[in-house]
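Q: Please work out how this folds:
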Amino acid sequence: MCKEIDGVAYDTAKSTIDKKFTYGAPGDPCGYEETLYITSDGRYFIYTYGGKKSKYPEENVTPIERDDVKSWILSH
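A: Residues are numbered from 1 along each chain as shown. Below you'll find the model as predicted:
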């Protein structure tokens, strides 16, 4: 997925996975994934996607500040 936010392109195909959290079994309509990516220029973003009944029924990208990454990881 590629999404431009405030003039910055966040592309899962061109970025590196740093951390991934998966909730539920494959095919679970309530299951979802949250994946932390880092771009080649050091920007972090979270890619989210899940089943129809999950809190992420549509894929999305959300930028996250470097200072907030540790807190995000520890919250899981």
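Q: Strands along the protein, start to end?
A: Applying DSSP state E to the chain gives strands spanning 2-5, 8-11, 16-23, 32-38, 44-50, 60-64.
Q: Can you tell me which of those is most buried?
A: The highest mean neighbour count among the strands of the chain, using mean count of other CB atoms under 10 Å, belongs to strand 44-50: a mean of 20. For the C-beta atoms, the positions are set from N, CA and C on the backbone; glycine is no exception.
Q: other SSEs contacting that strand?
A: strand 32-38, strand 60-64, helix 66-74 (3 or more CB pairs under 8 Å, 6 or more residues apart in numbering; DSSP states H and E).
Q: could you give the mean pLDDT of it?
A: For strand 44-50, the mean per-residue pLDDT is 97.
Q: Determine which residue lies closest to the centroid of the chain.
A: Nearest to the centroid of the C-alpha atoms of the chain, with distances taken as CA atoms, centre = their mean, sits Y47, at 2.0 Å.
Q: right, and that one touches E58 too?
A: No: with contact defined as CB atoms under 8 Å, Y47 does not count as touching E58 (11.7 Å).
Q: got any residues that touch both of these two?
A: Residues within reach of Y47 and of E58 at once, by CB atoms under 8 Å, 6 or more residues apart in numbering: there are none.
Q: so what pLDDT did V61 get?
A: pLDDT, read off for V61, is 98.
Q: how about the nearest residue to it, chain neighbours excluded?
A: Leaving aside its sequence neighbours, V61 sits nearest to K3 (CB to CB, 6 or more residues apart in numbering; 4.3 Å).
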